[in-house]
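J.: here are the coordinates; sequence isn't available:
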């Protein structure tokens, strides 16, 4: 069966499936498509497939193939209604006036002729012409690509076409001309492989300067994905060699050098006086380059990345040099604040008091120290003093779990950075004021700051641009660095301009754990002790048995979790512990992968449920709730002592294959950061992910006991690997 028409409505648009209505010969056809091409409302298409009778939705067409077609006379009425949104009456008047000659009127963009028709305003006429040319341009682009890519597998053609559709949203009807002129423009919307395919069918030679410059951009993009923001050519030479071959590496660097002088520049170059480099053959070629010897002393970065770094640098320097009104407080003021609080059972150390004074007297400051050294106690006292002066505090953290912990430990509201930015941008009070209007001079506490990346910091500073605010960065540089690009916290620590206090006295973990953590910080393997147990294993089978043994030994006396690096190891351990511990317990009917007593983790933020990404809990059972639609089964669980009822869609998203609720006997280190447990079993595998900051973070999640299950000499390898943050090359300097 084939149906030809225009898309009138998108009913479902997920990563795997689209469902839409197709206006076809005066009728509406429901189409279900799992094809790798994304269509939009108003698109003129032909759909081939099988007609099926769905028990819920009735007659529908399951697509096997979708192609774009020109807007011919039979499609004109449907296009006018669905593509432009005008009603039947206006369509009838247009066709009565011009018939199918209307196509020529739209093609020529004859606004006067369209406005001559009754009730056609200039705005409607302009919209009609724009929509016509947009759809026409899309059809021309797809036909061009289909012609050029014939001979390639359908999956390849569709992947390139879908990327070209993203380019179309930017270039519009000029897309065909833009990609014909320079196929490497597609790279901004596609993968390097897709761009290379298009360039090859367009006849681009391997040494074409457009290809070489784009290859350098791709190499920088790949290094950016590893966290780097400023890279020396020698450090991305291996990537460049894979992209263009060794013979074209130096010409590519020189082409990028020329592109950096264009306006606007394609690539940003930064001169450095000294750059320690490995002695490689390419480094020598670069140093001896006859045309540009200075390239040896240049670092490369992508334009957008460099712009963000310069903005963050400028904003923080301005706040450091143009300080806010200082709140000068004495030890007596701090003691008064403490006497009115019940959250802190002991006084503050001299370090903590200095930290309080520093935060209150500076526009930008930094409080650092290992887990358990009382960083949050400092915030608690700062908050109390700020409120006593009729000012306000904003507490934020990168992850929902860390924000939730701030609430629990400071008795103040806290946000994730994402939710704060959303409130700043969209939240408007009934009186017409905006969110930040209630915070004339806030203190902005940024917790777990070691994980805040460049893009996030850029967004935060943009949101507060032109507003007074104190920025307090709180964290531990030895913990996990950002998942995204760049470094903020680590660079602030290096700055001589940023006031900072380091807290050293530990109030939480037992002495053995503190000593082991310090050993790891300074590059030494910790010795075994009563509370830091080290056991070696040789294979996965032995690992699983050791995990079972020690989990059973500690589960009744302490909250215990296993921390591992590889998701496959996390999954393996969860499967075995779930089977071991719940074999005699009832499964949950609406989610049979869970049983009563299962340790679980919630992997998304849900304000209605009161759960954040990383919340851990226990499955208690199942029940039925009554709704306006009838009885509804739910899973009962307890998170942090709070009972929660989860409906099926809150447990998992069946459409996209996403599991919001997962087993949590074992979790990754990133999921564990910001949490603390009585006992932690750490699986130390041989993996690039397991370096010093990973090991340190995993170990410091424990309050009472750590059991390190070590694969051969993986413990020594992790310590020797150093901190990942030290390996990341960035351009930010405060």
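T.: Cool, the structure landed. Predicted model, so just to flag it, every value in this text is computed and none were measured.
J.: can you list the weak-confidence ranges in the chain?
T.: Within the chain, the stretches with pLDDT under 70 are 70-79, 81-85, 273-279, 288-294, 323-325, 340-346, 409, 427-431, 508.
J.: Surely residue 60 touches residue 28?
T.: No. Contact criterion C-beta atoms under 8 Å: residue 60 and residue 28 do not qualify, at 10.8 Å. (Each C-beta comes from the backbone N, C-alpha and C, glycine too.)
J.: For the two, indicate the residue with more neighbours.
T.: Per other C-beta atoms under 10 Å, whichever of residue 60 and residue 28 has more neighbours is residue 60, with 19 against 14.
J.: and that one, that one's in a helix?
T.: No. Residue 60 sits outside any helix when classified using DSSP: H, G, I helix; E, B strand; the rest coil, being strand.
J.: what about it, distance to residue 214?
T.: Note on residue 60: its distance to residue 214, by C-beta to C-beta, to the nearest Å, is 43 Å.
J.: Kindly report the same for residue 398.
T.: From residue 398 over to residue 214 (counting by C-beta to C-beta), the distance is 33 Å.
J.: and those two? which has more neighbours close in?
T.: For residue 398 and residue 214, the more surrounded residue by other C-beta under 10 Å is residue 214, and the numbers stand at 30 against 25.
J.: which one's the longest helix in this structure?
T.: Taking DSSP state H as the criterion, the chain has its longest helix at helix 122-148.
J.: Could you say which helix or strand holds residue 378?
T.: helix 375-388 (DSSP states H and E).
J.: Return the list of helices and strands in contact with that helix.
T.: Applying 3 or more C-beta pairs under 8 Å, 6 or more residues apart in numbering; DSSP states H and E, we find helix 375-388 packed against helix 331-339, helix 350-360, strand 364-368, strand 393-397, helix 400-410, strand 443-447, strand 470-475.
J.: Show the subsequent helix or strand relative to the last one.
T.: Okay, so that is strand 470-475. Using DSSP H and E, the helix or strand that directly follows strand 470-475 along the chain is helix 489-494.
J.: And for the fifth one?
T.: Of the helices and strands lying after helix 400-410 in sequence (DSSP H and E), the nearest is strand 414-416.
J.: In the sheet, which strands lie alongside that following strand, parallel or antiparallel?
T.: If you go by DSSP bridges, strand 414-416 pairs up with strand 393-397 (parallel).
J.: Show me the contact partners of the partner strand.
T.: For strand 393-397, the external contacting residues (C-beta atoms under 8 Å, 6 or more residues apart in numbering) are 379, 382-383, 386-387, 403, 405-407, 410, 412-417, 420, 439, 442-448, 460, 469, 674.
J.: got the angle between that strand and strand 443-447?
T.: Here strand 393-397 runs at an angle of 20 degrees relative to strand 443-447 (axes from the mean of the first three to the mean of the last three C-alpha atoms, to 10 degrees).
J.: now strand 393-397 against helix 400-410, angle please.
T.: On the basis of the same axes, to 10 degrees, strand 393-397 is oriented at 140 degrees to helix 400-410.
J.: Check the offset of strand 393-397 from the chain's centre.
T.: Its chain's average C-alpha position is 20 Å from that of strand 393-397, according to C-alpha atoms, centre = their mean, to the nearest Å.
J.: Stretch 488-502 too?
T.: Counting by C-alpha atoms, centre = their mean, stretch 488-502 is centred 25 Å from the centre of its parent chain.
J.: measure it end to end?
T.: This stretch, stretch 488-502, spans 17 Å end to end (C-alpha to C-alpha, to the nearest Å).
J.: do the same with stretch 364-380
T.: End-to-end distance of stretch 364-380 (C-alpha to C-alpha): 18 Å.
J.: Repeat that for stretch 669-683.
T.: Stretch 669-683 end-to-end distance (C-alpha to C-alpha) = 10 Å.
J.: so who does the residue nearest to the spatial centre of the chain touch?
T.: For the chain, the residue sitting closest to the mean C-alpha position, by C-alpha atoms, centre = their mean, is residue 484 at 7.3 Å. Residues near residue 484 by C-beta under 8 Å, 6+ apart: 227, 453, 454, 455, 456.
J.: Once you drop chain neighbours, what's closest to the third one?
T.: Okay, so that is residue 454. Excluding its sequence neighbours, the residue lying closest to residue 454 (C-beta to C-beta, 6 or more residues apart in numbering) is residue 486, at 3.0 Å.
J.: who are the neighbours in contact with that neighbour?
T.: 227, 229, 305, 308, 309, 453, 454, 455, 457, 728, 730, 732.
J.: between those residues, which is closest to residue 529?
T.: Set against residue 529, the nearest of those by C-beta to C-beta is residue 728 (32.7 Å).
J.: Now that closest one. Nearest residue, chain neighbours left out?
T.: Once flanking residues are discounted, residue 728 sits nearest to residue 227: 4.5 Å by C-beta to C-beta, 6+ apart.
J.: what about residue 123, distance to residue 115?
T.: Distance from residue 123 to residue 115, by C-beta to C-beta: 10 Å.
J.: swap that for residue 599, please
T.: 69 Å.
J.: Which one of the two is surrounded by more residues?
T.: The neighbour comparison of residue 599 against residue 115 (other C-beta under 10 Å) goes to residue 599, with 24 against 16.
J.: hang on, the earlier thing: redo the helices and strands packed on helix 375-388 as a markdown table? Include distance to residue 254 and mean neighbour count.
T.: As requested, these are exported to a markdown table (distance: least, C-beta to C-beta, whole Å; neighbours: other C-beta atoms under 10 Å):
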| stretch | distance to residue 254 | mean neighbour count |
| --- | --- | --- |
| helix 331-339 | 61 | 15 |
| helix 350-360 | 49 | 21 |
| strand 364-368 | 41 | 26 |
| strand 393-397 | 45 | 24 |
| helix 400-410 | 46 | 21 |
| strand 443-447 | 42 | 25 |
| strand 470-475 | 40 | 26 |
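J.: Adding distance to residue 101 as columns, could you present those in TSV?
T.: Formatted as TSV, those follow (distance: least, C-beta to C-beta, whole Å):
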stretch	distance to residue 101
helix 331-339	81
helix 350-360	73
strand 364-368	67
strand 393-397	61
helix 400-410	60
strand 443-447	63
strand 470-475	64
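J.: helix/strand/coil for the nearest residue to residue 36 once chain neighbours are set aside?
T.: Leaving aside its sequence neighbours, residue 36 sits nearest to residue 158 (C-beta to C-beta, 6+ apart; 4.3 Å). Assigned with three-state DSSP, residue 158 falls in the helix class.
J.: which residues touch residue 158?
T.: Residues counted as contacts of residue 158 (C-beta under 8 Å, 6+ apart) are 35, 36, 37.
J.: secondary structure class for the closest residue to residue 441 other than its chain neighbours?
T.: Closest residue to residue 441 apart from its sequence neighbours, by C-beta to C-beta, 6+ apart: residue 468 at 4.8 Å. Following three-state DSSP, the label given to residue 468 is coil.
J.: and residue 468, how many residues sit next to it?
T.: When neighbours are defined as other C-beta under 10 Å, residue 468 has 14 of them.
J.: cool, and residue 561?
T.: 23.
J.: what's near enough to touch it?
T.: Going by C-beta under 8 Å, 6+ apart, the list of residues near residue 561 reads 599, 616, 664, 665, 666, 667, 672, 677, 679, 680, 681, 701.
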